[in-house]
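K.L.:
Build the 3D model from these lines:
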Amino acid sequence: MKKVILLLMIFCFAGIGLSAQDGGNPRMSPEDFRAKQEAFLTEKAQLTKDEAAKFFPMYFELQDKKKALNDRAWSEVKKGKKGNLSESQYEEIVINVLNARIASDKLEKAYLTKYKTILSYGKIFKIQGAEMRFHRELLKEIGRKPK
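P.N.:
Okay, the predicted model is just below:
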């Protein structure tokens with residue numbers, strides 16, 4: 001009898017754990033994230049369908065390149081967290097992280113040149129502001145979801 005009760009408890013807790021993972025996960029797929037971001041930016045910057053169709057392939061191309069740089073920077077940071085490194089190893093990590101940030105900023109500037117062939121500076125400015133609002137709202141939304 002004790003074995004039956006134990007098995008029932010295990011199945012109940014396993015079921016609760018699975019349902020919590022299913023509906024309680026605040027993460028969204030990269031495709032869903034991009035669709036939500038595109039809709040938000042399009043609305044806030046008041047892009048036409050033609051502008052959006054030309055702009056977003058470039059925008060997401062830039063985001064992919066920046067993510068690759070950011071991933072490399074985080075890889076460097078992880079190396080530093082291991083500890084017991086020499087001063088020259090820490091120096092290399094710090095410089096590599098800084099170089100990744102500089103490369104990201106250079107990419108932003110290069111893509112601005114591309115963006116202005118499609119959009120006015122006013123719309124580019126609106127997109128920049130909408131990007132910040134989008135990320136803030138997303139963080140708030142994630143913070144409101146039960147854990």
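K.L.:
continuing past the longest helix along the chain, what's the next helix or strand?
P.N.:
Ranked by residue count, the top helix of the chain under DSSP state H comes out as helix 49-81. Following helix 49-81 in sequence order, the next helix or strand is helix 87-115 (DSSP states H and E).
K.L.:
Flag every buried residue along the next helix or strand after that next one.
P.N.:
Per DSSP H and E, the first helix or strand lying C-terminal to helix 87-115 is helix 121-144. Neighbour counts using 16 or more other C-beta atoms under 10 Å place 123, 126-127, 130-131, 134, 138 of helix 121-144 among the buried residues. The way it works is simple: take the backbone N, C-alpha and C, and place the C-beta from them, glycine included.
K.L.:
And for helix 121-144, what's in contact with it?
P.N.:
26, 37, 40-41, 44-47, 51, 112, 115-116, 119 (C-beta atoms under 8 Å, 6 or more residues apart in numbering).
K.L.:
which one among the buried residues of helix 121-144 gets closest to Pro30?
P.N.:
Leu138 (13.4 Å; C-beta to C-beta).
K.L.:
if I look at the closest one, how far off is Ser86?
P.N.:
Distance, Leu138 to Ser86, by C-beta to C-beta, to the nearest Å: 40 Å.
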